[in-house]
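Enquirer: I would like the atomic coordinates for the input below:
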Amino acid sequence: MSCSGTSPRKAHGPTGLTFARARHLMSEDEWQYWSARTAARGGPDAEAVLEPLDGVVEFVGSGDTIEPGVTVEATPGHTPGHLAIVVRDPSVGSTESAYIVGDILHSPAQIGDPDLVFASDVALEQARAEAGVPQPTAT
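Expert: Residues are numbered from 1 along each chain as shown. Reported below is the predicted structural model:
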């Protein structure tokens, strides 16, 4: 759960939130995915991550504006509810944007060889599509 701002260590205070005064945003699909995770799947301890967020998380969806010039875009594949952040100049006429891709890419090597995927991607074909890899077509 990148960008969740949580840590299972108590060093971050009684809430377990690394950034206790920050907004904590995620898609509802992401929350549901982590809520249903089991230890056998690997990854971080979902309970230790979700517990501090319970009651403070704000659900957002693809296309939602979270601040002027900052929107989120659904990029499922690594996890079902993965979101990327899109930053644009909110002034009229700007066409430039920057994407904060989170776990779409895990290594610069994926740029040169987009067939590479991360072992923890939940839906590999979807992850490849989000990273810009053409999907095989049925013959």
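Enquirer: Geometric centre of the chain: which residue is closest?
Expert: Central residue of the chain (CA atoms, centre = their mean): residue 82, 3.7 Å from the mean position.
Enquirer: how near is it to residue 75?
Expert: In this view, residue 82 and residue 75 are 5 Å apart by CB to CB, to the nearest Å. All C-beta spots, glycine's among them, are computed from the backbone N, C-alpha and C.
Enquirer: same check, this time on residue 106
Expert: Residue 106 sits 13 Å away from residue 75, taking CB to CB as the criterion.
Enquirer: neighbour-wise, which of these two wins?
Expert: Neighbour count, other CB atoms under 10 Å: between residue 106 and residue 75, residue 75 has more, with 23 against 18.
Enquirer: Which residues are in contact with that one?
Expert: Taking CB atoms under 8 Å, 6 or more residues apart in numbering as the definition of contact, the neighbours of residue 75 are 82, 83, 84, 101, 102, 104, 130.
Enquirer: again, but for residue 96
Expert: Contacts here follow CB under 8 Å, 6+ apart; on that basis residue 96 touches 88, 89.
Enquirer: these two touch, right, residue 111 and residue 104?
Expert: No. Counting by CB atoms under 8 Å, residue 111 does not reach residue 104; the two are 11.0 Å apart.
Enquirer: quick one, which of those two is more surrounded?
Expert: Residue environment comparison for residue 111 versus residue 104 gives the larger neighbour count to residue 104, 20 against 11, counting by other CB under 10 Å.
Enquirer: Tell me how far the more buried one lies from residue 54.
Expert: From residue 104 over to residue 54 the distance is 27 Å, taken as CB to CB.
Enquirer: Tell me how many other residues crowd the residue lying closest to residue 109 once chain neighbours are set aside.
Expert: The spatially closest residue to residue 109, leaving aside those adjacent along the chain, is residue 116, at 5.9 Å (CB to CB, 6 or more residues apart in numbering). In terms of burial, residue 116 registers 15 neighbours under the definition other CB under 10 Å.
Enquirer: hang on, residue 116 is in a strand, isn't it?
Expert: No. Judged by DSSP: H, G, I helix; E, B strand; the rest coil, residue 116 forms no part of a strand; its state is coil.
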